[in-house]
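Q: Here is the input, now give the coordinates:
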Amino acid sequence: MKDSGYGADEFACQRCGGVLPARQLAKELRCTHCGHMQELDASSLAALEGYRDEAARDLAGAAGHREDERARSAQTRLMRRGVPVLVVLMAPVMMVPSLGLMGAVFLHSFGVVDLNAVESETKTTVAAATMAFSVALGVGLALFVLLAGGRGAKGGTTTVTDSPGVPVAATVLCPRCGGPNELHVGVPTEECRFCHGTFAATESVRAAGLDASERARRAAALSRYQKERNVAAGYGSQGQAEDSFPLTGFLALMAGGGGFIACAGSGFGAVQNLTGAEENPWGGLIGAGAFGALLLVAAAGLGSLTARRSRIRRERVLDEARAYGGAPIRGLMATARWLGEHWAGPYELQLLHGGGEGYLGAEGQVAGFPWLVEVAPNAPTPRAQVLVGAFFVETPVVAAAPVDVGRLLADLAARGVAVQVDEAGARARIAPSAATPEYTSALRDQLVFLVARLGGRPLGLRAGEAVG
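A: Numbers count the residues shown, from 1 in each chain. This next block holds a predicted model:
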């Protein structure tokens, strides 16, 4: 092959200049014009085959991530569709017994039926049992909607990015006619769409193609992991970014509360009968209104208390994040968001199920590398960790690391720091009691040095660009 200077290498017969088969890579190729068997340079053939195979692995990995994401999104959609169906089915069940009891009291008040023949104790027992039944179902429905339709559904976005196809590595000029052609990622040779000559990707085009394939795989991995982590964090005890009044659950409780508010009216009528007081046809409605007003007062008080707690917590988290030299991470959903943007590798989903009291998170950047500090001393799985996201062309091999990296890892291990380096970046786990701002800041800088020495690049930089 002869370098044309057009971004593509000439791929032609050495005897007559005829066209060689564009889509074939073999040790020998037959010229389509003169029939000459031309032997390809072994190093050039190995480079083209290696480029094709490595890009194909990246694109296959991206397709696998998209398929997993599509399957999980289908499960999430099925779960979310079941919530309103259950609400529609359960609401009448809650309201029928209480409304029936209230209707009997109204009919008795207007003289249609006579409840005086029924013993007072029986009427009171029936009213109390009906109210308890409605309240229990209402609370159960509210909790279900809060968990399945509220927090969990917020974390699970069901939109799946369609397969983008094979990306374009570069636009090159044909060495024969100078016509512009697109070389797709992983395609080492191509036929000119103008003169039908054959050309091959140069070293720089192959490097750009591998960069594009690696980014496609990383983007697909981030999209897949993001949805998994958002669902897990949505079900966590601190899944929402801040402490907030559970409005979804309260509205569900009020919806199901139509039943037990009506039951309160019937209970009011039953009390009238029990005490022998003069019956009021509108007594049931008065009792229901009083009970509803009481619920609204309770909701207002709870909302005010929750708002005050949220304000105090925001101030505390902001102060602590500043001490760690970054911006605050407000709850597990925000942690899942950071992971979805910067961590293109596996992460234990159970860590997103609960942060516990005293949960702290902070994020920032050092030399272009995004970092996250997470401290959860009272979580179901107590932890303190520092993560530094990076973009690796290949999964780093720590065993073949430079000497200074080996010394750093040995020193960290001697201090009880567990360090993990993979395609997503570097991660260090320490005891929560040791996670002081000074210690974690030093550890964060060491992880940045580690990923840079192992060939990691700050997210957003392409091959050949300098680290700022």
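Q: contacts and neighbour counts: CA atoms only from here.
A: OK.
Q: Going by neighbour count, list what's buried in stretch 378-396.
A: By neighbour count with 16 or more other Cα atoms under 10 Å, stretch 378-396 contains the buried residues 379, 382-393, 396.
Q: So for it, mean pLDDT?
A: Taken as a whole, stretch 378-396 has a mean pLDDT of 88.
Q: Then stretch 321-335?
A: Mean pLDDT, stretch 321-335: 86.
Q: for stretch 48-68, same thing?
A: The average of the pLDDT scores along stretch 48-68 is 88.
Q: now what about it, what contacts it?
A: 25, 160-161, 163, 166, 185-188, 201, 206, 209-210, 213-214, 216-221, 224 (Cα atoms under 8 Å, 6 or more residues apart in numbering).
Q: Which members of the residues you listed occur in helices, if any?
A: Under the assignment DSSP state H, the contacts of stretch 48-68 contribute 206, 209-210, 213-214, 216-221, 224 to helices.
Q: Low-confidence regions, this structure specifically.
A: 1-7, 22, 74-111, 113-165, 231-292, 295, 317, 460-468 (pLDDT under 70).
Q: out of the ones in helices among the contacts of stretch 48-68, who has the most neighbours?
A: S213 (28 neighbours; other Cα atoms under 10 Å).
Q: Wait, that residue touches V168, no?
A: No. In this structure, S213 is not within contact of V168 by Cα atoms under 8 Å, at 9.5 Å.
Q: if I look at the two, which residues touch both of them?
A: V185.
Q: re earlier: most widely separated two among the buried residues of stretch 378-396?
A: Comparing every pair within the buried residues of stretch 378-396 by Cα to Cα identifies A379 and V393 as the most remote, at 34.8 Å.
Q: Tell me which stretches of the stretch 351-468 of the chain form strands.
A: For the stretch 351-468 of the chain, strands defined by DSSP state E, counting those that start in this stretch occupy the ranges 360-366, 369-376, 383-389, 418-422, 425-430.
Q: Run through who's touching the fourth one.
A: Taking Cα under 8 Å, 6+ apart as the criterion, the residues outside strand 418-422 that touch it are 345, 395-396, 398, 409, 412-413, 426-430, 451.
Q: what about the residue lying closest to L409 once chain neighbours are set aside, neighbour count?
A: Nearest non-adjacent residue to L409, counting by Cα to Cα, 6 or more residues apart in numbering: V419, 7.4 Å away. Other residues near V419 number 18, with proximity taken as other Cα under 10 Å.
Q: partner residues bridging V419?
A: A428 (DSSP bridges).
Q: same thing with H184?
A: Bridge pairing for H184 - DSSP bridges - gives V168.
Q: I'd like to know how many residues surround it.
A: H184, neighbours per other Cα under 10 Å, totals 21.
Q: The chain should start at 49 in everything you say after this.
A: Yes, from this point I'll number from 49; that puts the last item at H232.
Q: That one touches E239, doesn't it?
A: No. H232 is beyond contact range of E239, at 11.9 Å (criterion: Cα under 8 Å).
Q: which of the contacts of strand 466-470 count as buried?
A: 393, 444, 457, 460, 474-478, 499.
Q: Could you give the bridge partners of R431?
A: According to DSSP bridges, beta-bridge pairing links R431 with A424.
Q: what's near enough to touch it?
A: 422-425, 477-480.
Q: now it: how far from A462?
A: R431 sits at a distance of 19 Å from A462 (criterion: Cα to Cα, to the nearest Å).
Q: all helices for this protein, in order.
A: Under DSSP H, the chain gives helices at 90-157, 168-192, 200-203, 251-282, 295-323, 331-371, 380-390, 451-462, 485-501.
Q: Closest one to F59 out of the contacts of R431, please.
A: Of the contacts of R431, the one sitting nearest to F59 (Cα to Cα) turns out to be R477, at 52.9 Å.
Q: Distance-wise, check the closest one relative to Q468.
A: Applying Cα to Cα to R477 and Q468 gives a distance of 9 Å.
Q: would a markdown table of the buried ones among the contacts of strand 466-470 with distance to A369 be doable?
A: Below are these laid out as a markdown table (distance: Cα to Cα, whole Å):
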| residue | distance to A369 |
| --- | --- |
| G393 | 25 |
| P444 | 31 |
| L457 | 27 |
| L460 | 24 |
| A474 | 21 |
| R475 | 19 |
| A476 | 18 |
| R477 | 18 |
| I478 | 18 |
| V499 | 24 |
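Q: Now do A371: how many residues are near it, please.
A: For A371, the neighbour count with other Cα under 10 Å is 15.
Q: what residues are up against it?
A: A371 neighbours (Cα under 8 Å, 6+ apart): P485.
Q: Can you give me the distance of it to M381?
A: Applying Cα to Cα to A371 and M381 gives a distance of 22 Å.
Q: Surely E422 touches A432?
A: Yes. Contact criterion Cα under 8 Å: E422 and A432 qualify, at 5.6 Å.
Q: Could you find the closest non-adjacent residue to R505?
A: Using Cα to Cα, 6+ apart, the nearest residue to R505 is F439, at 5.0 Å.
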